[in-house]
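**Q** Take this sequence and fold it.
(one chain, ligands or ions: 2)
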Amino acid sequence: MASTRLILVGGFLGAGKTTLLAQAAARLARQGHRIGLVANDQAADLVDTELLRETGSQVEEVAGGCFCCRFPDMITAMERLVRDSQVDVLIGEPVGSCTDLSATVLQPLKELHRERFALAPFSVLVDGHQVRVLARLREKAADARFPDNVLYIYEKQLEEADVIVLNKTDLLSPAELGELQGMLAERFPRTPIMTMSAANGDGVDAWLDYLHDGHAVGGKIVAVDYDAYAAGEAALGWLNASAKVRAEQDVDWSAFATRLLEGMRGALRSLAAEIAHLKLYLTTADGHVVGNITSNDGPLVVRGHIATGQCAAVLLLNARVHGEPDLLATIAEKAMQAAAADGQMDVTLTAMRAFYPGRPQPTYRYREVV
Ligand SMILES: Nc1nc2c(ncn2[C@@H]2O[C@H](COP(=O)(O)OP(=O)(O)O)[C@@H](O)[C@H]2O)c(=O)[nH]1
Ligand SMILES: [Mg+2]
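**A** Residues are numbered from 1 along each chain as shown. Ligands and ions are numbered 1, 2, ... in the order given. You can find the predicted model right below:
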């Protein structure tokens with residue numbers, strides 16, 4: 001059987017992976033490819049899956065653990081896309097708090113599934129803010145957003161990349177861009193560094209071309225201390241919730257999304273609980289709205305459109321925060337009720353899971369590059 005191209009895009013929570021998957025899928029589809037996308041999370045009810053479905057590509061999700069701990073599920077999902085939907089390019093996004101992917105996913109793919117999947121260089125996305133955080137980590141500054149063990153994951157993710165992609169360049173001045181590229185090149189001198197705005201598409205074609213050009217794939221395995229890694233993952237409270245929202249009359253769904261995200265951010269700020277990624281997806285019979293926040297001080301972005309006259313929506317809410325899961329659940333529920341009450345709406349929770357991710361236990365862990 002012919003092999004299927006497989007592109008994996010890593011990077012921390014909020015770096016822009018899902019945005020890039022959607023961009024790449026659209027471009028490759030225009031070139032006549034059939035695309036399969038694979039989302040991944042610690043639990044079900046994923047905003048990312050809905051976002052990826054918008055692209056018109058086939059989407060699978062691997063929920064309940066990272067690709068590394070759910071390797072057989074990842075293979076099954078990919079094989080299903082190839083068999084049932086005849087896709088010829090697969091693009092996957094591992095959980096943003098996951099690292100050691102070269103040892104646990106890339107090497108087993110290379111050794112055990114060489115005939116099935118033609119793996120592209122492993123790209124790790126990073127946004128400028130995160131690069132600065134890393135620099136401050138090395139200086140041991142007290143104002144880092146997350147504790148050291150979370151920053152340990154950031155750093156390991158970049159260390160194992162075949163190619164680092166500095167994303168969100170649209171938010172940077174040329175001088176800042178040059179400075180950040182310089183910082184990355186100094187810290188990771190053996191790794192090619194590309195730049196991109198996944199949001200507006202700048203650099204995406206150049207990146208897709210690069211993946212084709214025969215560069216190293218899974219070229220390094222880095223030393224990862226699993227105690228530090230597990231402590232980093234367990235420092236982040238995780239929440240996946242779904243709810244039904246109803247209104248008596250026509251409502252402004254974007255305003256509801258903004259109120260909900262602002263409400264949560266306000267409560268989290270007052271506890272000094274730093275947001276890694278807070279996102280929501282509201283679906284109605286005619287249109288949807290997406291909302292995102294990737295730090296306590298960063299922009300709140302709401303986009304999408306819902307036609308007038310839509311009085312019922314399904315809400316998906318995903319939060320990854322440096323704070324306790326139970327507290328996160330309470331904050332989320334209160335913010336939902338408050339945002340609904342402000343718009344004379346009614347919200348009914350249909351599922352809510354709040355937890356710390358468990359210790360990573362990869363299916364495979366290679367010691368050497370194969
Ligand atoms: N300004 C800007 N925002 C971006 C870019 N890429 C992603 N984002 C935004 O960053 C947030 C997180 O993006 P997402 O793709 O969900 O990140 P993920 O967690 O890595 O999958 C969303 O609000 C995106 O719209 C970019 O190139 N520029
Ligand atoms: Mg994502």
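**Q** can you map out the helices along the stretch 1-150 of the chain?
**A** In the stretch 1-150 of the chain, the segments counted as helices under DSSP state H, counting those that start in this stretch are 17-30, 47-53, 71-85, 101, 107-112, 128-138, 148-159.
**Q** Can I get those in a markdown table including mean pLDDT and distance to ligand 2?
**A** Backbone N, C-alpha and C define where each C-beta goes, glycine included. A markdown table is the format used below for these (pLDDT from 0 to 100; distance: least, CB to the ion, whole Å):
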| stretch | mean pLDDT | distance to ligand 2 |
| --- | --- | --- |
| helix 17-30 | 97 | 3 |
| helix 47-53 | 96 | 4 |
| helix 71-85 | 98 | 16 |
| helix 101 | 98 | 15 |
| helix 107-112 | 98 | 20 |
| helix 128-138 | 68 | 15 |
| helix 148-159 | 91 | 14 |
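**Q** Quick check: which of those is buried the most?
**A** Most buried of the helices of the stretch 1-150 of the chain by mean neighbour count (mean count of other CB atoms under 10 Å) is helix 101; its value is a mean of 26.
**Q** Contacts made by that helix with the rest, please.
**A** With contacts defined as CB atoms under 8 Å, 6 or more residues apart in numbering, helix 101 is touched by L8, G10, F67, C68, P94, F122, E160.
**Q** What residues does the stretch 201-350 of the chain have near ligand 2?
**A** Within the stretch 201-350 of the chain, no position is adjacent to ligand 2 by CB under 5 Å from the ion.
**Q** helix/strand/coil for the residue of the stretch 51-200 of the chain found nearest ligand 1?
**A** At 3.3 Å from ligand 1, A199 is the closest residue in the stretch 51-200 of the chain, using CB to the nearest ligand atom. A199 falls in the coil class when you classify it by DSSP: H, G, I helix; E, B strand; the rest coil.
**Q** Look up phi and psi at it.
**A** Note on A199: backbone dihedrals following degrees, to the nearest 10 are phi -70, psi -50.
**Q** hang on, it packs against T19?
**A** Yes. Using CB atoms under 8 Å, A199 makes contact with T19 at a distance of 5.8 Å.
**Q** got the contact list for the residue of the stretch 51-200 of the chain closest to ligand 1?
**A** The contact partners of A199, taken as CB under 8 Å, 6+ apart, are G16, T19, K168, D170.
**Q** Of those residues, which ones also sit close to ligand 1?
**A** Counting by CB under 6 Å from any ligand atom, G16, T19, K168, D170 from those sit close to ligand 1.
**Q** near ligand 1, which residues of this protein show up?
**A** Within reach of ligand 1 by CB under 6 Å from any ligand atom, the chain has these residues: 11, 13-19, 96, 167-168, 170-171, 197-199, 277, 292, 294, 301.
**Q** Can you flag the buried ones in those?
**A** By neighbour count, with 16 or more other CB atoms under 10 Å, the residues of the chain next to ligand 1 hold 11, 13-19, 96, 167-168, 197-199, 277, 292, 294 as buried.
**Q** Could you look up the SS state of the closest residue to ligand 1 within the stretch 201-350 of the chain?
**A** Proximity of the stretch 201-350 of the chain to ligand 1 (CB to the nearest ligand atom) peaks at N292, 3.1 Å away. At N292, secondary structure determined by three-state DSSP is strand.
**Q** Is it correct that it is in contact with K279?
**A** Yes. Contact criterion CB under 8 Å: N292 and K279 qualify, at 4.9 Å.
**Q** tell me which element E368 falls in.
**A** Mapping E368 onto the secondary structure by DSSP states H and E places it in no helix or strand at all.
**Q** pLDDT value on it, please?
**A** Predicted confidence (pLDDT) for E368: 97.
**Q** So what does the residue nearest to it when sequence neighbours are not counted have for phi and psi?
**A** Counting by CB to CB, 6 or more residues apart in numbering, E368 lies nearest to I221, which is 6.7 Å off, once chain neighbours are set aside. I221 has phi and psi values of phi -120, psi 130 when expressed as degrees, to the nearest 10.
**Q** And I221, how close does it get to E324?
**A** For I221, the distance to E324 equals 34 Å [CB to CB, to the nearest Å].
**Q** Could you do Q31 as well?
**A** Taking CB to CB, one finds Q31 at 46 Å from E324.
**Q** swap in D209?
**A** For D209, the distance to E324 equals 45 Å [CB to CB].
**Q** what about those two, which has more around it?
**A** Neighbour count, other CB atoms under 10 Å: between D209 and E324, E324 has more, with 15 against 9.
**Q** Any chance of the backbone angles for the more buried one?
**A** The phi/psi pair for E324 (degrees, to the nearest 10) is phi -70, psi 140.
**Q** neighbours of the residue lying closest to it once chain neighbours are set aside, just the number please.
**A** What sits nearest to E324 in space, not counting adjacent residues and going by CB to CB, 6+ apart, is G237, at 5.6 Å. For G237, the neighbour count with other CB under 10 Å is 23.
**Q** check contacts around G237.
**A** G237 neighbours (CB under 8 Å, 6+ apart): 273, 319-325, 327-328, 354-356.
**Q** And for G298?
**A** Taking CB under 8 Å, 6+ apart, we find G298 in contact with H129.
**Q** quick check, it in a helix?
**A** No. With three-state DSSP as the criterion, G298 is coil rather than part of a helix.
**Q** where does this structure dip in pLDDT?
**A** 1-2, 133-144 (pLDDT under 70).
**Q** how about 80 then?
**A** Scanning the chain with the threshold set as pLDDT under 80 gives 1-2, 129-145.
**Q** Would you map the strands across it?
**A** Along the chain, the segments classed as strands by DSSP state E run 4-11, 35-41, 58-63, 89-92, 117-119, 123-127, 163-167, 193-195, 237-247, 275-284, 287-293, 300-306, 312-321, 345-355.
**Q** Perfect, I'm done here.
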